[in-house]
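In: Provide a 3D model corresponding to the input given below.
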Amino acid sequence: MSATLAIILDSRRMKKKISKYPIKLRVIFDRLPRYYPTVIDLSETDFNKLPAPHLSTGLQDIKEQLDKIKVEAREAVKAIQPFSFDVFEREFILGNPLFIQKSSKLLKLIPCTLTAPASSELPESLKKKYSIFAEDHTTPGTISIVYRFLVEKLLLEERIGTAKSNNLSYQSLKNFRGNLRFQDITVSYLHQYERWMLNKGSSKTTIGMYLRALRAVFNEAIAQKIIKKDECYPFGRRLYRIPTGRNIKKALELPEIQKIYNHLPETESELKARDFWLFSYFGNGMNVKDIALLKYKDVKGDYLAFIRAKTERTTREDPKPVVVYITEDMHRIMERWGNTDKDAENYIFPILTPGMTAQEQYDNIQLFIKFINKWMNRIKGLINIDKKVTTIVTRHSFSSVLKRSGASTEFIQEALGHTDKKTTENYLDSFEDETKRQFAEKLSAFKQLPISEAS
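Out: Residues are numbered from 1 along each chain as shown. Next up is the predicted model:
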């Protein structure tokens with residue numbers, strides 16, 4: 001559930017000396033509203049004028065200030081996952097010159113005294129896969145305690161990939177300067193960690209992933225009233241901003257996809273890897289996890305209809321299935337590699353088997369991804385493709401081919417199963433350098449015109 005925002009005129013409280021009302025930012029989360037008074041006051045008449053296209057200079061300036069508040073507040077809310085009023089107030093309201101500042105009594109330091117959680121229902125064999133469980137958690141207030149708590153929680157919720165990311169995040173931070181207290185992780189520390197990671201050759205994408213996990217640890221500590229509104233929280237608009245990597249994902253052109261399609265595999269492994277790569281491409285860029293989880297009950301006549309595993313938890317209240325037309329090629333691949341037992345509850349492909357634990361499913365899917373990528377890398381060498389042809393490339397190739405064919409972003413968003421249009425736009429903004437070069441050359445095409453025509 002996301003917080004909703006609005007700029008409102010608090011007409012209940014007129015400031016009699018100026019005959020104006022305070023303008024407030026209203027934030028509603030989980031049906032609970034909070035109001036944050038801005039430094040702006042307006043009469044009811046002037047407030048009602050704000051949507052008008054033409055305003056006086058004074059009102060236009062106020063409108064721009066209020067628009068700025070709304071835009072930046074939305075960005076702040078989006079960055080706080082899970083949302084918390086306390087974190088929002090610290091990251092966005094506190095110190096913001098556009099808001100009236102309240103008492104700072106909430107900023108008093110609360111000792112970090114969380115102790116290690118009691119042993120959970122997790123089997124010891126599973127705990128051995130995650131190094132966080134072997135850490136020493138006897139020192140109160142250290143980040144490892146909350147990391148362990150979150151990894152346990154995520155594993156119990158069967159969110160294996162996120163649990164693994166949290167475990168990797170902690171190990172990276174530990175390798176940098178050890179298991180620290182929350183108060184020791186300052187803005188300066190985070191900048192030094194970022195430089196250390198970059199010097200090691202880590203990408204900004206990896207750094208961002210690890211530090212978003214650390215921010216979640218801080219937010220969990222806040223939720224448990226361990227570091228509520230204290231000065232050791234290092235993240236925020238005026239503090240440390242987590243870097244976001246931007247991988248330029250190279251989608252394949254149709255002639256390159258044609259090469260893959262027409263390639264005659266020399267081994268069964270080549271054939272299998274190529275078939276599943278093409279199944280993903282033809283199947284709306286379906287990722288391997290969703291392919292593995294497909295069951296025969298998901299076949300609805302000539303279509304597959306399934307909920308993406310990645311968004312199943314966040315769209316539970318309003319699930320929107322991805323609907324894929326089963327092409328002749330997809331049908332042929334299903335017949336070639338699918339289970340012969342087509343019971344509705346059986347998996348279409350024998351990548352997973354009934355009764356597997358979430359961790360076993362995750363491990364099998366990762367192995368299958370590695371299998372496909374290994375053999376597709378061999379195939380690309382045989383057919384002279386100089387780009388990556390991993391399973392991720394199928395998704396970007398699918399979306400880019402559709403975009404170049406004239407499909408709308410909204411159609412592609414629905415086909416990919418994205419809940420956020422911005423995610424889809426990220427898939428479509430990395431057209432090849434050659435395409436950019438061709439457009440750049442058109443800008444100077446006038447150079448080829450005869451002087452008489454150009455004048």
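
In: Can I get the helix or strand hosting residue 48 in CSV? Just the C-alpha atoms.
Out: Using DSSP states H and E, residue 48 sits in helix 44-49. Output in CSV follows, covering the C-alpha atoms of helix 44-49 (Å, rounded to 0.1, in the frame of the first residue of the first chain):
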residue,chain,number,x,y,z
GLU,A,44,-9.7,30.8,0.1
THR,A,45,-10.2,32.9,-3.0
ASP,A,46,-6.6,32.8,-4.0
PHE,A,47,-6.3,29.1,-3.3
ASN,A,48,-9.2,28.4,-5.6
LYS,A,49,-7.4,30.4,-8.3
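
In: Quick one: residues in contact with whichever helix or strand comes after it.
Out: Past helix 44-49, further along toward the C-terminus, the next helix or strand under DSSP H and E is helix 57-79. Contact with helix 57-79 is made by 2-3, 5, 7, 23, 25, 27, 38, 40, 42, 46, 49-50, 55, 83, 88, 91-92, 98, 237, as judged by CB atoms under 8 Å, 6 or more residues apart in numbering. C-betas here are computed from N, CA, C, even on glycine.

In: Narrow these to those that are buried.
Out: Among the contacts of helix 57-79, those buried by neighbour count (16 or more other CB atoms under 10 Å) are 3, 5, 7, 23, 25, 27, 38, 40, 42, 46, 50, 55, 83, 88, 91-92, 98, 237.

In: Which of those residues fall within helices?
Out: In this view, the buried ones among the contacts of helix 57-79 that belong to helices under DSSP state H are 46, 88.

In: just the strands in the stretch 1-150 of the chain please.
Out: Secondary structure of the stretch 1-150 of the chain, counting by DSSP state E, counting those that start in this stretch: strands at 4-9, 21-29, 32-42.

In: where does the chain dip in pLDDT?
Out: Within the chain, the segments meeting pLDDT under 70 span 1, 102-120, 228-231, 245-249, 312-319, 411, 414-415, 417-449, 451-455.

In: domain parsing for it?
Out: Taking automatic domain parsing as the criterion, the chain consists of the domains 4-102, 106-246, 254-438.

In: Residue 275 contacts residue 336, correct?
Out: Yes. Look at residue 275 against residue 336 with CB atoms under 8 Å: they come within range, at 6.6 Å.

In: More neighbours: which of those two?
Out: Neighbour count, other CB atoms under 10 Å: between residue 275 and residue 336, residue 275 has more, with 19 against 10.

In: just the CA coordinates of the helix or strand where that one lies, formatted as PDB?
Out: Taking DSSP H and E as the criterion, residue 275 maps to helix 268-282. Provided in PDB are the C-alpha atoms of helix 268-282 (Å, rounded to 0.1, in the frame of the first residue of the first chain):
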ATOM      1  CA  GLU A 268      20.600 -31.700 -27.300                       C
ATOM      2  CA  SER A 269      21.800 -29.200 -24.800                       C
ATOM      3  CA  GLU A 270      22.200 -26.500 -27.500                       C
ATOM      4  CA  LEU A 271      18.700 -27.300 -28.800                       C
ATOM      5  CA  LYS A 272      17.200 -27.100 -25.300                       C
ATOM      6  CA  ALA A 273      18.900 -23.800 -24.400                       C
ATOM      7  CA  ARG A 274      17.900 -22.300 -27.800                       C
ATOM      8  CA  ASP A 275      14.300 -23.500 -27.400                       C
ATOM      9  CA  PHE A 276      13.900 -22.000 -24.000                       C
ATOM     10  CA  TRP A 277      15.500 -18.800 -25.000                       C
ATOM     11  CA  LEU A 278      13.000 -18.500 -27.900                       C
ATOM     12  CA  PHE A 279      10.100 -19.600 -25.600                       C
ATOM     13  CA  SER A 280      11.000 -16.600 -23.400                       C
ATOM     14  CA  TYR A 281      11.200 -14.200 -26.400                       C
ATOM     15  CA  PHE A 282       8.000 -15.300 -28.000                       C
END
